[in-house]
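**Student:** return atomic coordinates for the entry below.
(one chain, ligands or ions: 2)
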Amino acid sequence: MTSTQTVKYLRDYAAPAHLVPKTELLFDIISETEVRITATLHIEPQHGATELELHGDAKLHRIALNGETLPESRYTLDKDSETLTLHDMPAEPFVLTVETEVNPAANKSFNGLYASGGNLYTQCEPEGFRRITFHPDRPDVMGVFTTEIRADKAAFPVLLSNGNQIRSGSLHDNPNRHFAVWHDPFAKPTYLFALVAGDLAVRRDTFKTRSGRDVAIAFYTRAEDADKTAFAIESLKNAMKWDEERFGLEYDLDIFMVVAVGDFNMGAMENKGLNIFNTKYVLADERTATDPDFEGVESVIGHEYFHNWTGNRVTCRDWFQLSLKEGLTVFRDQEFSGDRASRAVRRIENVKMLRQHQFAEDAGPMAHPVRPASYVEMNNFYTMTVYEKGAEVVRMYHTFLGEEGFQRGMKLYFERHDGQAVTCDDFRAAMADANGADFDQFALWYSQAGTPVLDVSDSLQSEGSLHTYTLHVKQSLPDTPDMPAADKRPMMMPLAVALLDENGEKIPFALSGSLHTETVLTVNQAEQTYELQLARPVQSVTPSLLRGFSAPVHLHFDYTDAQLAHLLAHDDDPFARWEAGQTLYRRAIAANEAALENGTDLPEHAALAEALRRILNDQSIDPAFKALLLQVPAESELWDGRTRIDPVRTAAAREALHEALAGSLHGELLAAALNAREAENADKRGKQISIYGYNPQDAAQRSLQYTAFALLHRFDDSAIMAQVFEHYDEIARKNMTHEWGILTAVNHNESPRRNELLVRFAAKFDDQALVMDKYFMLIASSRRSDTLAQVQAALTHPRFDIANPNKVRALIGTFARNVPHFHAADGSGYRFVADKIREINAFNPQIAAGLARSFNLMQRVEPQRQALMRQELQALADMPDLSKDVREIVEKILG
Ligand code: B3K
Ligand code: ZN
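**Tutor:** Ligands and ions are numbered 1, 2, ... in the order given. Model (predicted):
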């Protein structure tokens with residue numbers, strides 16, 4: 001392997017030699033293919049430094065020092081590291097003027113300044129600013145920005161940048177051109193810089209802060225999308241209010257702008273005062289968006305808004321600290337969503353996502369701590385670990401300290417660090433100091449990768465009137481590529497527990513003097529024992545462990561199936577209750593898998609079906625929670641801790657469980673689906689169709705309805721198909737959640753009728769880009785035997801565009817998660833995805849690197865598939881022009 005990658009290490013951090021407290025930018029937009037940028041940097045050398053290092057890869061026209069053009073002999077430009085070194089600079093403050101030129105229309109990496117549909121947009125985090133001009137471009141170099149934009153009035157009527165607009169008007173030399181000047185009074189790093197120019201519609205609103213200031217709200221979209229921002233605007237206002245009420249944080253500028261763009265590498269970006277969003281997380285109406293889409297909009301709008309304090313006002317010292325802002329802001333957006341509605345359901349959804357994706361990352365070749373120690377391409381470290389595990393780490397402070405203590409920590413954090421670029425240790429110190437708590441050992445969460453394992457066992461002893469319940473907890477940490485288990489030290493974590501008696505009642509117990517019905521144990525040693533004195537005699541104890549998923553770990557306890565059924569029936573902690581069901585599902589699928597491997601009969605799973613029957617019949621359970629209880633773990637969770645995996649067999653075993661349950665429970669499932677439909681319709685008779693909008697209560701009923709419906713299709717697919725065909729239009733007319741619910745349920749059906757439905761769906765929404773993404777997702781997620789052929793055909797669909805990240809994620813990304821097809825034994829799935837990585841690598845390395853992660857499982861699949869995967873990855877690694885983004889991932893997987 002030819003690897004000449006430059007690795008950056010956290011341990012090499014050095015404070016900046018030059019500060020840039022003030023930056024003036026002039027963007028002269030000639031056309032979408034030509035933009036000239038003049039950057040005026042007010043530079044303050046530190047400690048007499050005279051060699052200035054800037055980063056950039058834009059076309060450089062001129063550099064001037066205090067107004068005098070510098071000869072080329074005064075600087076060296078290293079193309080590989082995109083570093084411009086200026087020699088013999090003054091040791092006193094000076095002004096550097098840099099003139100560059102870029103071609104936004106040719107920029108298909110969507111990093112830096114790029115064109116989309118004739119408009120111009122920026123994306124600068126983490127290092128996109130250097131695609132525009134030259135600057136130290138590191139987050140600990142913060143400054144105040146003033147930005148002037150000049151452009152043609154007709155082609156670029158809207159000119160936006162960060163902060164407040166301080167001037168605008170026509171240009172004297174050309175009345176067809178205009179300008180706008182924006183000033184952002186808050187010092188910020190370059191990664192939060194943003195510019196938008198183009199022909200956009202705007203929808204305005206206002207928000208009054210609790211101190212009585214009026215904040216203008218403006219949402220910019222293409223004209224044809226302007227009618228789909230109402231929900232996002234409401235979500236923003238809810239988020240602004242929530243941050244005031246729960247965190248005491250108020251917005252600081254006079255205007256908050258959001259711009260939606262269809263070409264975007266990720267979800268959204270928190271640029272100061274000018275958020276730029278993927279259309280997917282702004283545009284939503286009931287005809288085109290599902291309930292989870294609405295929930296996604298609310299949560300991402302919240303997330304980006306919350307960054308204004310956790311990210312922008314207090315930012316990261318260096319990119320290794322990314323979780324400082326991301327883990328904290330994910331925690332905040334999760335709390336926001338939980339406070340809005342269905343806290344328990346939201347929590348379980350977050351845990352599901354963490355376990356499916358972050359646990360898999362932690363168990364694979366890309367495993368890294370929440371604060372990575374090294375990287376080649378920073379864009380590869382916007383990971384589930386940094387975001388989602390990072391949020392769990394923040395949640396653990398909250399669990400230890402409680403809401404009040406946590407908020408005391410937040411207050412101290414802002415008192416100490418407002419306006420600064422800081423580290424994860426600074427956050428930890430604020431939490432500790434504000435509460436007199438000791439979080440020294442807790443620091444290991446930031447440096448040790450891999451999911452910890454807790455092996456828990458128990459015993460019950462009675463002596464006279466003394467009943468002692470003992471929990472024994474053993475903690476272990478796995479090997480990860482960066483660190484062997486032997487070098488890892490025990491971590492500190494909260495373990496929330498309660499004890500259930502034979503009736504499902506919580507048993508009060510005494511622990512260190514006080515009486516509890518549940519408690520949070522502090523686990524901080526390799527092995528430890530907790531003795532709980534029961535307040536009354538009991539026949540048996542069933543422990544409810546890791547309640548609320550109190551720590552991001554694997555917990556093993558040798559429950560009997562009967563104990564799990566007991567928890568599933570009675571536990572009052574929704575996570576623990578759901579988890580009991582999940583464990584039963586995992587056991588059932590493992591039994592199926594063993595039977596498939598040995599060629600024996602599949603087990604019947606009668607006891608599990610019985611437990612689920614009680615759940616289905618229990619009218620006291622929230623329908624959204626009931627839907628979650630009916631969903632079996634995804635394959636990636638089932639592979640936890642395993643090697644020599646045959647992914648297709650796992651998928652078949654999982655599918656066989658679905659079929660068995662559908663067979664045993666079809667009466668109950670039908671009743672549940674019909675009741676849920678009835679409940680949703682009850683208050684709507686005779687009203688307009690638009691009443692089928694999003695609200696959490698109706699969403700819960702729809703979630704249950706279509707979870708049950710998808711299972712029913714496994715029981716009797718031809719009857720369901722006939723019914724769907726007859727009622728499709730009538731159901732689909734209600735809203736997209738209904739339409740999507742039907743389509744996903746029948747999407748695996750081999751009959752031509754399924755294809756006909758998809759064709760109708762695509763024809764109906766041909767002009768709706770976000771719905772066409774759904775169409776491509778349906779094609780790519782089907783278990784039908786011809787799926788690869790359909791995916792290949794979809795590549796030539798007029799609405800497919802390989803340059804558009806949403807389309808790539810919808811078609812190719814979804815296919816790479818389609819277990820039976822991606823892991824097809826003949827290697828056709830691997831070959832297809834590798835070919836697309838090769839193609840996309842040429843223009844959008846970030847998106848290509850995202851797809852390369854699909855091969856993460858390579859080391860853990862059985863030898864034949866492993867060889868097929870290796871062959872594809874090796875071919876990629878051998879490409880001379882492979883981007884450093886993709887190379888970093890591919891080489892790590894190859895090992
Ligand atoms: N901070 C951005 C992510 C930037 C990703 C760069 N590859 C969005 C967010 O987390 O809010
Ligand atoms: Zn974020």
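**Student:** C-terminal to the one helix or strand residue 727 maps to, what's the next element?
**Tutor:** Element membership for residue 727, per DSSP states H and E: helix 717-732. Using DSSP H and E, the next helix or strand after helix 717-732 towards the C-terminus is helix 736-746.
**Student:** give the next helix or strand downstream of that next one.
**Tutor:** helix 752-764.
**Student:** show me what that following helix is packed against.
**Tutor:** helix 717-732, helix 736-746, helix 769-781 (3 or more CB pairs under 8 Å, 6 or more residues apart in numbering; DSSP states H and E). C-beta coordinates here come from the backbone N, C-alpha and C atoms, glycine included.
**Student:** quick one: average pLDDT of the helix or strand following the last one?
**Tutor:** Sequence-wise, the next helix or strand downstream of helix 769-781 (DSSP H and E) is helix 787-794. Confidence for helix 787-794, expressed as mean pLDDT, is 98.
**Student:** do stretch 76-91 as well
**Tutor:** The pLDDT scores in stretch 76-91 average 95.
**Student:** for residue 885, give its distance to residue 376.
**Tutor:** Separation of residue 885 from residue 376 (CB to CB, to the nearest Å): 8 Å.
**Student:** and these two? Which one has more around it.
**Tutor:** A direct count of neighbours by other CB atoms under 10 Å for residue 885 and residue 376 places residue 885 higher, at 23 against 19.
**Student:** hang on, the earlier thing: just the CA trace of the helix holding residue 727, in PDB.
**Tutor:** Output of helix 717-732 as PDB, limited to C-alpha atoms (Å, rounded to 0.1, in the frame of the first residue of the first chain):
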ATOM      1  CA  ASP A 717     -49.100 -10.400   0.900                       C
ATOM      2  CA  SER A 718     -51.600 -11.000  -1.900                       C
ATOM      3  CA  ALA A 719     -54.700  -9.900   0.000                       C
ATOM      4  CA  ILE A 720     -52.800  -6.800   1.200                       C
ATOM      5  CA  MET A 721     -51.700  -6.000  -2.300                       C
ATOM      6  CA  ALA A 722     -55.200  -6.200  -3.600                       C
ATOM      7  CA  GLN A 723     -56.400  -3.900  -0.900                       C
ATOM      8  CA  VAL A 724     -53.600  -1.400  -1.300                       C
ATOM      9  CA  PHE A 725     -54.300  -1.300  -5.000                       C
ATOM     10  CA  GLU A 726     -57.900  -0.600  -4.500                       C
ATOM     11  CA  HIS A 727     -57.500   2.100  -1.900                       C
ATOM     12  CA  TYR A 728     -54.100   3.600  -2.700                       C
ATOM     13  CA  ASP A 729     -55.300   7.000  -4.000                       C
ATOM     14  CA  GLU A 730     -57.700   7.500  -1.300                       C
ATOM     15  CA  ILE A 731     -55.200   6.700   1.500                       C
ATOM     16  CA  ALA A 732     -52.300   8.600  -0.200                       C
END
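**Student:** my read is residue 611 is in a strand, agree?
**Tutor:** No. Residue state for residue 611 (DSSP: H, G, I helix; E, B strand; the rest coil) corresponds to helix; a strand is not indicated.
**Student:** correct me, but it touches residue 563?
**Tutor:** No. The criterion here is CB atoms under 8 Å, and residue 611 misses it with residue 563 at 11.8 Å.
**Student:** more neighbours: which of these two?
**Tutor:** Using other CB under 10 Å, the more surrounded residue of residue 611 and residue 563 is residue 611, with 22 against 18.
**Student:** just give the closest residue to the more buried one, not the sequence neighbours.
**Tutor:** In space, and not counting its chain neighbours, residue 611 is closest to residue 565: 4.6 Å by CB to CB, 6 or more residues apart in numbering.
**Student:** for residue 762, same thing?
**Tutor:** Computed as CB to CB, 6+ apart, the closest residue to residue 762 that is not its neighbour in sequence is residue 775, at 4.7 Å.
**Student:** what's the pLDDT at that neighbour?
**Tutor:** Reported pLDDT for residue 775: 98.
**Student:** residue 513 too?
**Tutor:** Note on residue 513: pLDDT of 86.
**Student:** now swap in the one 3 residues further on and tell me
**Tutor:** You'll see residue 516 listed with a pLDDT of 96.
**Student:** nearest residue to it other than its sequence neighbours?
**Tutor:** The shortest distance from residue 516 to any non-neighbouring residue, by CB to CB, 6+ apart, is to residue 509 (6.0 Å).
**Student:** residues near the one you found, how many?
**Tutor:** Neighbour count for residue 509, taken as other CB under 10 Å: 24.
**Student:** that one and residue 533 touch, don't they?
**Tutor:** Yes. Residue 509 lies in contact with residue 533 (CB under 8 Å); the separation is 6.0 Å.
**Student:** now the helices for the stretch 501-650 of the chain?
**Tutor:** Applying DSSP state H, counting those that start in this stretch to the stretch 501-650 of the chain gives helices spanning 561-570, 574-598, 606-617, 623-629, 635-638, 647-681.
**Student:** pick the most deeply packed of the ones you listed.
**Tutor:** Stretch with highest mean neighbour count among the helices of the stretch 501-650 of the chain: helix 623-629 (a mean of 23; mean count of other CB atoms under 10 Å).
**Student:** show me what that one is in contact with.
**Tutor:** 342, 344-345, 348-349, 568, 574, 577-578, 581, 612, 615-616, 618, 621, 672, 676, 679, 696, 699-701, 703-704, 707-708 (CB atoms under 8 Å, 6 or more residues apart in numbering).
**Student:** on the three-state scheme, the closest residue to ligand 2 within the stretch 701-850 of the chain is what?
**Tutor:** Proximity of the stretch 701-850 of the chain to ligand 2 (CB to the ion) peaks at residue 846, 15.8 Å away. Here residue 846 is helix, with the state taken from three-state DSSP.
**Student:** thought it was touching residue 379?
**Tutor:** Yes. Proximity of residue 846 to residue 379 meets the contact threshold set by CB under 8 Å, at 5.1 Å.
**Student:** identify the contacts common to these two.
**Tutor:** Common neighbours of residue 846 and residue 379, using CB under 8 Å, 6+ apart, are 111, 885.
**Student:** who's in contact with the residue nearest to residue 516?
**Tutor:** 469, 499, 515, 516, 517, 519, 532, 533, 534, 535.
**Student:** and for the fourth one, the neighbour number?
**Tutor:** Residue 516 has 18 neighbours, counted by other CB under 10 Å.
**Student:** with ligand 2 as the reference, measure out to it.
**Tutor:** Remark: distance between residue 516 and ligand 2 (CB to the ion, to the nearest Å) = 37 Å.
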